[in-house]
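J.: Here's my sequence, what's the structure:
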Amino acid sequence: MSAAARAGAMAPRVRCVLTGRVQVLGHTTSGIAKQPVAGPCRVGPLGFEADEQGDLRAHGGEFKAVHCYAWSHYAHWRRLQPAQALFDRPGAFGENLSLEGLDEDGVCIGDRWRIGSALFTVTQGRQPCFKLNLRFAVADMALQVQHSLRAGWYLGVVEPGSVQAGDACELAARPHPQHSVARLLALIRDRETRPDVLEAVLALPLTPSWRQLFERRRRSGQAEDWRRRLLGAAARSTGG
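T.: The predicted structure is shown next:
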């Protein structure tokens, strides 16, 4: 049963708010190492105070201000990697909000969620990159996350405010109930190129990066090459 299906028994709430500074990660830098914040944390148009991203071309900004991840997914990763200490607590995936009672099946593109005193909109799912491979010291971790659809999702900030652990997540509006984040992540994973499917997706309020992705698929009839995103520098050895 998904976290969304359990929401009736457990109202969605914030388990933890996390922020982090940019640090060295292997041969690159990243803000993925997030730490819990005690008490209320202010969130504005570009995310939480004291939070940083290593590559602003791919992370952060108004469309990726806040990254959410379902705490329920950690059980899955602990089963696969029981020796990985990062799975003992929230923050392993660089999330800003560790959430209970919500997952990718339970949020839809364009949703508006009231969390604490802030209002957010669901913008897109996360497309995992090679930095997860470095984070977990697992060569194909980004690919595993993509295939599992346990990738997390991003929020834009509609109304700034403060959020803290224990805050309820209250759905304020759902204009596109047929287009969950999980469904769109699956279309990306499954290399969907059928024009009728893509036309329906392109009618959504997509972020610029996702609009470009799906428009290219519609135009070319082909899916994009993932190697550089999933492998980083290692893609050179595979011709990426």
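
J.: any idea how far the helix or strand containing residue 185 is from the chain center?
T.: Per DSSP states H and E: residue 185 is located in helix 181-189. Mean-position distance between helix 181-189 and its chain equals 12 Å (C-alpha atoms, centre = their mean, to the nearest Å).

J.: after that helix, next one along is what?
T.: Following helix 181-189 in sequence, per DSSP H and E, is helix 195-202.

J.: now the angle from that following helix to helix 181-189?
T.: 130 degrees (axes from the mean of the first three to the mean of the last three C-alpha atoms, to 10 degrees).

J.: circling back to that earlier point, for the helix holding residue 185, which helices and strands make contact with it?
T.: With contacts taken as 3 or more C-beta pairs under 8 Å, 6 or more residues apart in numbering; DSSP states H and E, helix 181-189 sits against strand 118-125, helix 141-148, helix 195-202. Any C-beta I mention is one placed from the backbone N, CA and C, and that applies to glycine too.

J.: Just the CA trace of that helix, in PDB.
T.: Taking C-alpha atoms only, helix 181-189 is exported to PDB below (Å, rounded to 0.1, in the frame of the first residue of the first chain):
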ATOM      1  CA  VAL A 181       4.100  12.900 -10.100                       C
ATOM      2  CA  ALA A 182       4.600   9.100 -10.200                       C
ATOM      3  CA  ARG A 183       2.700   8.900 -13.500                       C
ATOM      4  CA  LEU A 184       4.900  11.500 -15.200                       C
ATOM      5  CA  LEU A 185       8.100  10.000 -13.700                       C
ATOM      6  CA  ALA A 186       7.000   6.700 -15.200                       C
ATOM      7  CA  LEU A 187       6.500   8.300 -18.600                       C
ATOM      8  CA  ILE A 188      10.100   9.500 -18.500                       C
ATOM      9  CA  ARG A 189      11.400   6.200 -17.200                       C
END
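
J.: Please enumerate the helices of the protein.
T.: 73-80, 131-136, 141-148, 181-189, 195-202, 208-220, 227-231 (DSSP state H).

J.: if we can go back for a sec, can you put the helices and strands packed on helix 181-189 in TSV and add mean neighbour count?
T.: Shown next, in TSV, are the helices and strands packed on helix 181-189 (neighbours: other C-beta atoms under 10 Å):
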stretch	mean neighbour count
strand 118-125	23
helix 141-148	20
helix 195-202	14
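
J.: Adding mean pLDDT and distance to residue 157, write the ones you listed out as JSON lines.
T.: Supplementary listing: these in JSON lines, determined by pLDDT from 0 to 100; distance: least, C-beta to C-beta, whole Å:
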{"stretch": "strand 118-125", "mean pLDDT": "98", "distance to residue 157": "6"}
{"stretch": "helix 141-148", "mean pLDDT": "98", "distance to residue 157": "25"}
{"stretch": "helix 195-202", "mean pLDDT": "97", "distance to residue 157": "24"}
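
J.: No more questions from me, cheers.
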